Every structure is written in C-alpha cells, then in structure tokens.
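Trainee: Pasted the sequence and its predicted model underneath.
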Amino acid sequence: MNQEQMDIKTPEYVSLQFQVAGLGSRAAAFIIDLLLLTIVNILIILIVLLIMNGTSPLPFFMFENTIPLAIMIIVLFIINGGYFFAFEFFSGGRTIGKKLIGIRVIQENGHSITLLSSFIRNLIRIIDSLPIAYFLGIIMIFFHSKHKRLGDIVAGTIVVHERKVKRKKKLSAIEKEIQNRGISKDDFIIDDWTLKSIGNKDWKLVSTYASRFTQLSLEERNQLTKQIADILFPKIGLEVAGKNEADLENTLLVLYLILRDEWEFEM
C-alpha cells in the first residue's frame, strides 16, 4: 500500500500532518534491528563459550556447572525482549533501525511515545509474530488503513516518517533575536531521560516566554527570565547562581529551540 498523509489534532488543538510509514520502511527497519540483535547474540554466546571452554576441557553441553549458561540465557532474554521497548521509549520512538530508515513511533495524539505505550506495543509483538515470521503483523500493517499492527492498535501508537521541518523564509521576531545572538540548540545537550522530565506545561511556559520575549521591557524581561530559570533549570541540571541576565536568556532560548523540536510539529 502507498504511504499516506495523516492529519492529527492534538489535545492542544494543534493540527499536525505526518506521513505514515508503510510495510516496506517498517520491514527494512526491523531487519536492521534483527541483524544487530543477531550479531550481539552471537558475540555473547561466543564469549561465554570461550570463557567456559577455557576453564574446562569438556564440551559445553557436558559442563557440570551450568550457571554461566543460565546467566547467558537470562541476559539474552533481557536484551532481545527489552531492545525495542527501551530504544523506543528512551530514544524518542526510534530503534537503531528506525533511525537509519527515518521513521519513529508516536502516540496517536502526535506526542512522543510513553513508557506504558512502548511496553504494551512491544508486549503485543509476541502476538504479532504469530504464527511464524511476523505473519500476523505483516498482514495487519499491509491491510490497515493507517498501517498499524495489533501492538499499535492496542497501545494507541502509529509509526510515521520523521517530519522534515520547513521554515518560512520570513523569520519571526524571536527567530530573528535568536539568529542575532548566534545561538542554536546545539549549544548544550539534554539527554533523552532529562527531556522526558519536561512536560507540556514546561513547554507552554518556555513557548510563552519566547513569544513575549521581544515585547517586554528590559526590567520585565529580566524578572520573567529569572522566574522561569528558577523553575526549569533544576529540571535540566543547571544552576541559576553565577549566571548573568544574558546567560539566563540565552540558555532559555536554547531550551526553547530544543523543546520546539519535541513538542511543536511543523511540516
């Protein structure tokens, strides 16, 4: 089936447009992930067998001490069972395969995938893999209007192509201010776990700050900057003390750029 455009209306009444990922791109991402897991599994098995063979002249199936084998099986189970769950939640809905193909998992409301959604969709992966080689999942993705497998339906998620942000040539007032200051979102890095701790209320606070930034008097701006910095800096591990007004402003504007990519979907 051809890739389709999908419009999503968020709880904040923002209309978002995505290109739904079809069977081909999802299969390609899954094959890459499967190959990576296979390599990791083989390496772990070889390492364990080499260690065990180094301590005993017997073949591995004749070892009296099977504890290393039991530990290896548990480790392999955790890696293979938790790979998709962990990457999709901690990496913004992207496994390594999805990153390379350019697709990601999001919630149906357009927000990033939650811990519960990631757990559910990957738990249902067991059913989608039935009866063999993900046959049920392939059939569901191919025939479903939004290319969903059973795990996506139950978890309320959807797989889409990475949005490409197209900026208008005419910059807004805050974009001009940011450009004039020579700052960018690469000026400091926020890890995915810290980013998850910043909620919609925090984004609205930063967004409002950015929208009013150029309209405030210097005194009002300094006061607002200090208030918002006191609220948000502890959440991202930054100290307010020791920073002057310009440093605080620049940091908040960089934070605005980072959160805009996370919360404000544009095409």
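Mentor: Great, that's in hand. Numbering: from 1, shown residues only.

Trainee: Residue 106 falls within a strand, correct?
Mentor: Yes: if the criterion is DSSP: H, G, I helix; E, B strand; the rest coil, then residue 106 is within a strand.

Trainee: Please tell me how far it sits from residue 37.
Mentor: 23 Å (CB to CB, to the nearest Å). All C-beta atoms are positioned from the backbone trio N, CA, C, and that covers glycine.

Trainee: quick one, which of these two is more surrounded?
Mentor: It is residue 106, of residue 106 and residue 37, that has more neighbours when counted by other CB atoms under 10 Å, with 21 against 18.

Trainee: which ones are touching the more buried one?
Mentor: With contacts defined as CB atoms under 8 Å, 6 or more residues apart in numbering, the neighbours of residue 106 are 18, 93, 112, 113, 157, 158, 159, 160.

Trainee: Give the buried subset of those residues as a ChimeraX selection command.
Mentor: The ChimeraX selection below is limited to those of those classed as buried (16 or more other CB atoms under 10 Å):
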select :18,93,112,113,157,158,159,160
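
Trainee: just the contacts of residue 106 now: which is nearest residue 225?
Mentor: Distance to residue 225 across the contacts of residue 106 (CB to CB) is lowest for residue 112, with 27.2 Å.

Trainee: so what pLDDT did the closest one get?
Mentor: On the pLDDT scale, residue 112 is placed at 87.

Trainee: Can you flag which of the contacts of residue 106 belong to strands?
Mentor: Those of these mapping onto strands are 18, 157, 158, 159, 160, per DSSP state E.

Trainee: Return the distance of the nearest residue to residue 162 once chain neighbours are set aside relative to residue 41.
Mentor: Once flanking residues are discounted, residue 162 sits nearest to residue 102: 4.7 Å by CB to CB, 6 or more residues apart in numbering. From residue 102 over to residue 41 the distance is 26 Å, taken as CB to CB.

Trainee: Which strands or helices does whatever helix or strand residue 31 lives in pack on?
Mentor: Following DSSP states H and E, one finds residue 31 within helix 23-55. If you count contacts as 3 or more CB pairs under 8 Å, 6 or more residues apart in numbering; DSSP states H and E, helix 23-55 packs onto helix 67-90, helix 96-101, strand 103-107, helix 135-143.
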